[in-house]
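> take a look and give me a structure for this.
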Amino acid sequence: MSTMLKLPMLAAAALLAGCAAMTGPLALPGDSMETVRSRMGTPTEVRTVPSGTIYEYGAGMFGQQAWIARFDTGGRLLSVTQVRTGDVFATLRPGVATKADVLDTLGRPSETSRVHLGNFEVWSYRYKENNVWNSMMHVHFDQAGVVRLMQSGPDPMYEDKRPF
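Numbering: from 1, shown residues only. So this is what the prediction gives:
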């Protein structure tokens, strides 16, 4: 086999091996809360909800990924989900979802702000749109704490600020 073919094949194999290592489960459905803590570490937030318990592994102010581990009322893991994705954002319905729903679905925001026109409180979440673009999802709440608007755009933290 020529050297020209070996290099791309080796690069592809290395890439696949890296992907397999990154996507391997840290915790499996049915694991106890203690097992999840031992494998994933101390959660940044723990919330009790009617269906059980939520462990949030937050992204912090600059992160683009956050994980939510959901447990049933018996303390057994139901799922672990990376929640900073377009698919997860799409589960929140404006006019229906509340602050509690957003917190339980996405975790704590990267940033909060206010928009005086419309008097909205805004929670912003950093993420990689389509695993490519550095983006922010802005969730706008009315005074009653109901989602009224969700708006995605470029993350200003990654904008090129050099003059022309």
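> in stretch 29-39, what's buried?
Of the residues in stretch 29-39, 31, 33, 36-37 count as buried by neighbour count, 16 or more other Cβ atoms under 10 Å. Just so you know, the C-beta spots here come from the backbone N, C-alpha and C atoms, and that holds for glycine as well.
> repeat that for stretch 143-158.
Under the neighbour-count criterion of 16+ other Cβ under 10 Å, stretch 143-158 has 147, 150, 155 buried.
> for stretch 37-55, same thing?
Neighbour-count burial for stretch 37-55 flags 37, 40, 43, 52-55 (criterion: 16+ other Cβ under 10 Å).
> inside helices: which ones of those?
If you go by DSSP state H, the buried residues of stretch 37-55 have 37, 40 in helices.
> between the buried residues of stretch 37-55, which is closest to W67?
Of all these, W67 sits closest to M40, with 7.4 Å by Cβ to Cβ.
> now that the closest one has come up, it's in contact with L26, right?
Yes: the criterion here is Cβ atoms under 8 Å, and M40 meets it with L26 at 5.2 Å.
> anything in contact with each of the two?
Shared contacts of M40 and L26 (Cβ atoms under 8 Å, 6 or more residues apart in numbering): V80.
> picking that back up, report the two of the buried residues of stretch 37-55 separated the most.
M40 and G52 (16.6 Å).
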